[in-house]
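**Student:** Following is a predicted model, sequence given first.
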Amino acid sequence: MIKVVGIRFRNAGKIYYFDPLDYDLDPAMHVIVETARGIEMGTVMIAPKEVEDDKVIQPLKPVIRVATDEDEKVVEKNREKEKEAFKICKEKIQKHNLEMKLVEAEYTFDNNKLLFYFTADGRIDFRELVKDLAAVFRTRIELRQIGVRDETKIMGGIGICGRELCCKSYLTDFVPVSIKMAKEQNLSLNPTKISGVCGRLMCCLKNEQETYEYLNSRLPVVGDTVQTDDGFQGEVNSVSVLRQLVKVLIDNGDEKELREYHVEQLSFRPRRRKDVKLTAEEMKELKALEDDQNEVEEKDNNGGSRGNRPNNHRNQDRPQRENRRDYKRADRRDENRSQSENRSQNDNHAQNDNRVHNDNRSQSENRSQGDNRSQSDNRRESHYQNRNRKKNNRRDFEGREKRREQSKNHDAE
């Protein structure tokens, strides 16, 4: 077991683990900690407690101190400087004619780094912009391209429900949301009604998905035949998922009557619900609302890797699919290089064997033809051949060692 304290650096941001040392920390207290970005001030969200060792990534960085009044003033001063930095960066973007939207400027607590968050449709070459900003602010400049969901999380706003956006108030991670969820919940597939401020499908569709899956599992499917508790048999005309009501079309012989029953008043054979399917027109119209897998997302929209994160949060620092492919390609290159070295070694051995065989055959032919060369000449020739063979073997060995060393350096990089 190891003692940790949970600290958050942004509203609705992720919680990171730090070593509380001997400090008496309570929730809502401000503390100064060392992160990968430098010295920063965070808020205690989880009081010091003991957790399993395997839930913490070592080494665990310690809390430097409890924030003082001077530290609070430094943060307020940084907020004022960020406003000025935002204006200057915006002017520089217009000067360089870059198609990017600046979202936020952020100073680290120790002023060693100035971060700018922006959105853009594609990749932006901002090298000249960084040079200009570095000349103005005289500090380390970092530009981070984020997605539209992260932009909305930073900017905040009011949803169609009239409340503050979920991503701004409490959501720490973005989860995939699909159009099938909207159809499963019997919502009108109108883009203006099922999309949020960010232009993507509303996150609350995912929040309610499990509830709808459970409620739908208790209802018959439209078109099923059901038996009512008052002795009638009819066909399901429609269902109300949240109220758990079913409208049944009953045939009384001369006329058909539509009656409404609670699901517990009906008897029917449960069957596995079919997967929700979308038509081609619906997919074409609503595809833009789903998350684009190729969209550039900030690795950590709450400020980067600051410390250890609890395991109940999704780890966004793991290599994405493109990186895994790169690793596989690197592995294949290493394997091909190894195979090439093996073939080279085999070829060298074969050449040496052929030379030895040819030498022996030449000596045999010379003897069979009655070569009159003296034994001293033969010994001298054999000596030169052995020396050349050793040189070739040494050259082959050095080549293999050099390629092996290059391979190790490549893997280390």
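**Tutor:** Yep, that arrived.

**Student:** buried set for the longest strand anywhere in the chain?
**Tutor:** Longest strand in the chain, counting residues (DSSP state E): strand 38-51. By 16 or more other CB atoms under 10 Å, the buried positions in strand 38-51 come out as 40-46, 48, 51. For glycine as for every other residue, the C-beta is placed from the backbone atoms N, C-alpha and C.

**Student:** can you list contacts of it?
**Tutor:** Contacting residues not belonging to strand 38-51 are listed as 1-9, 15-17, 20, 25-34, 64, 67, 71, 75, 108-110, 112-113, 303, 306 [CB atoms under 8 Å, 6 or more residues apart in numbering].

**Student:** Sheet-wise, list the partners of that strand with their directions.
**Tutor:** With DSSP bridges as the test, strand 38-51 is paired with strand 2-8 (antiparallel), strand 30-35 (antiparallel).

**Student:** average model confidence for that strand?
**Tutor:** Across strand 38-51, pLDDT averages out at 92.

**Student:** Kindly report the same for stretch 199-213.
**Tutor:** The average pLDDT within stretch 199-213 is 90.

**Student:** quick one: buried residues of it?
**Tutor:** Neighbour counts over stretch 199-213 (16+ other CB under 10 Å) mark 200-206, 209, 212 as buried.

**Student:** ends of it, how far apart?
**Tutor:** End-to-end distance of stretch 199-213 (CA to CA, to the nearest Å): 25 Å.

**Student:** count of residues packed around residue 158?
**Tutor:** Residues lying near residue 158 (other CB atoms under 10 Å) number 11.

**Student:** All the strands of the protein, in order from the start?
**Tutor:** Under the criterion DSSP E, the chain contains strands at 2-8, 15-18, 30-35, 38-51, 63-66, 101-107, 113-119, 140-145, 225-228, 233-240, 245-251, 256-262, 266-267.

**Student:** Name the strands paired with the fifth one and say parallel or antiparallel.
**Tutor:** Each strand that pairs with strand 63-66, with its direction, by DSSP bridges: strand 30-35 (antiparallel).

**Student:** Under the pLDDT cut-off, which ranges of the chain? List them.
**Tutor:** In the predicted model, the chain carries pLDDT under 70 at residues 271-279, 281-379, 383-384, 408-413.

**Student:** Domain-wise, how is it divided?
**Tutor:** According to automatic domain parsing, the chain comprises the domains 2-68, 222-267, 331-357+379-413.

**Student:** need the ones you listed in JSON lines with distance to residue 171, can you?
**Tutor:** Formatted as JSON lines, the domains of the chain follow (distance: least, CB to CB, whole Å):
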{"stretch": "domain 2-68", "distance to residue 171": "6"}
{"stretch": "domain 222-267", "distance to residue 171": "23"}
{"stretch": "domain 331-357+379-413", "distance to residue 171": "37"}
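
**Student:** any idea which of those is most buried?
**Tutor:** domain 2-68 (a mean of 17; mean count of other CB atoms under 10 Å).

**Student:** Next, the distance between the ends of it.
**Tutor:** 27 Å.

**Student:** Tell me how far that domain lies from the chain's centre.
**Tutor:** Chain-centre distance of domain 2-68: 23 Å, with CA atoms, centre = their mean, to the nearest Å.

**Student:** begin at 271 from here
**Tutor:** Renumbered: residue one is now 271, and that last one reads domain 272-338.

**Student:** Residue 474 versus residue 447, what's the distance?
**Tutor:** For residue 447, the distance to residue 474 (CB to CB, to the nearest Å) stands at 9 Å.

**Student:** Repeat that for residue 285.
**Tutor:** Using CB to CB, residue 285 is found at 22 Å from residue 474.

**Student:** now swap in residue 342 and tell me
**Tutor:** From residue 342 across to residue 474, the span is 35 Å (CB to CB).

**Student:** Count the residues that sit near residue 400.
**Tutor:** Using other CB under 10 Å, residue 400 has 15 other residues around it.

**Student:** residues in contact with it?
**Tutor:** The contact partners of residue 400, by CB under 8 Å, 6+ apart, come to 411, 413.

**Student:** Please repeat the previous calculation with a cut-off of 10 Å.
**Tutor:** 362, 386, 410-413 (CB atoms under 10 Å, 6 or more residues apart in numbering).

**Student:** Top of these by number of neighbours, please.
**Tutor:** Busiest of the contacts of residue 400 [other CB under 10 Å] is residue 386, holding 26 neighbours.

**Student:** from what I can see that residue touches residue 396, true?
**Tutor:** Yes: using CB atoms under 10 Å, residue 386 makes contact with residue 396 at a distance of 9.1 Å.

**Student:** Show me whatever sits in contact with both of these two.
**Tutor:** With contacts taken as CB under 10 Å, 6+ apart, residue 386 and residue 396 have 362-363, 370, 403, 411, 413, 415 as neighbours in common.

**Student:** does residue 414 really touch residue 384, like I thought?
**Tutor:** No: with contacts counted by CB under 10 Å, residue 414 stays clear of residue 384, the gap being 11.5 Å.

**Student:** which residues are in contact with both of the two?
**Tutor:** residue 376.

**Student:** So which of the two has more stuff around it?
**Tutor:** Between residue 414 and residue 384, counting by other CB under 10 Å, residue 384 is the more crowded of the two (24 against 19).

**Student:** The more buried one and residue 445: what is the separation?
**Tutor:** Separation of residue 384 from residue 445 (CB to CB): 31 Å.

**Student:** Now do the helices in this structure.
**Tutor:** Assignment of helices within the chain using DSSP state H yields the ranges 339-365, 397-407, 418-425, 436-439, 449-454, 461-464, 474-477, 479-487, 550-556, 591-638, 645-682.
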